[in-house]
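would you be able to build a 3D model of this:
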Amino acid sequence: MEYLPRRLKALADETRFRIVNLLLTHDYCVGALARRLGISEAAVSQHLQILRKTGLIKGEKRGYWTHYSVERDVLRQIANDLQSMAAQPVQYEYVCRRESTTRKGTVEGREEAVCICECKCERPEKLKGKPGECSPEQIEECHGDKKDHPCGHEEK
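Model prediction:
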């Protein structure tokens, strides 16, 4: 998954995303891509360079021109990495157990109801100061226990 952020960033650009979509259906050279996209060949070359560096496409010399195609295995790997991320279980032991929505979860190896609260520490817009500057009252209202508060506020 080490390359995933770079590859996602490359695909996040609308023009590069369109280039990849075009290349999924047909191999194109820079000139053909420029005409299809309505942008300059220089701009297409810049986008292709980024896509090549991330391994999303490859170029094949055919006579005078280089034709580009998508590395489908790389796209499949991106999809698999995203699937793996989505399949990760929620770690309920780090969830505050105060009033709010309740759902079943495993806590410390046993099945029990787990509250997903709307703590002031988790909702910075409700704080009077910055998230790391919770008052002792806010901590007590949120967690009831000042020593285990995620803001790291220590009682003096």
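
buried residues in the biggest helix by length in the chain?
The residue-count maximum for a helix in the chain (DSSP state H) belongs to helix 72-86. Using 16 or more other CB atoms under 10 Å as the test for burial, helix 72-86 gives 74, 77-78, 81. Quick note: C-beta positions are derived from backbone N, CA and C, even for glycine.

for these, which one is nearest E2?
Nearest to E2 among these: D81, at 9.8 Å, using CB to CB.

low-scoring stretches of the protein, by residue?
91-134, 138-156 (pLDDT under 70).

please repeat the previous calculation with a cut-off of 90.
The model of the chain has pLDDT under 90 over residues 1-3, 88-156.

what are the ranges of the strands in it?
57-62, 65-70, 100-107, 110-117 (DSSP state E).

before we move on, the earlier item: for the longest helix of the chain, name the packing helices and strands.
Helix 72-86 is packed against helix 4-12, with contacts defined by 3 or more CB pairs under 8 Å, 6 or more residues apart in numbering; DSSP states H and E.

packing partners of the helix it packs on?
helix 14-25, helix 72-86.

would you mind listing the outside residues contacting the first one?
Read it as helix 14-25. 10-11, 28, 33, 36-37, 39, 43-44, 47-48, 50-51, 56-57, 68-70, 72, 75 (CB atoms under 8 Å, 6 or more residues apart in numbering).

buried residues, that helix. List them.
Applying 16+ other CB under 10 Å to helix 14-25 flags 16, 19-20, 22-23 as buried.

how much space between the nearest residue to I78 once chain neighbours are set aside and A42?
Distances taken as CB to CB, 6 or more residues apart in numbering place R7 nearest to I78, at 5.7 Å, with adjacent residues excluded. From R7 across to A42, the span is 23 Å (CB to CB, to the nearest Å).

ok, back up a step: quick one, what contacts the residue nearest to I78?
54-56, 74, 78.

from the residues you listed, which is closest to Q88?
Set against Q88, the nearest of the contacts of R7 by CB to CB is I78 (16.5 Å).

is it true that the closest one touches R6?
No. I78 sits out of contact with R6 when judged by CB atoms under 8 Å, with a separation of 10.7 Å.

you'd agree R6 is up against G55?
No. When contacts are counted by CB under 8 Å, R6 is not listed as touching G55 (9.1 Å).

and T66, what are its bridge partners?
K61 (DSSP bridges).

that one against A32, yeah?
No. In this structure, T66 is not within contact of A32 by CB under 8 Å, at 11.2 Å.

perfect, I'm done here.
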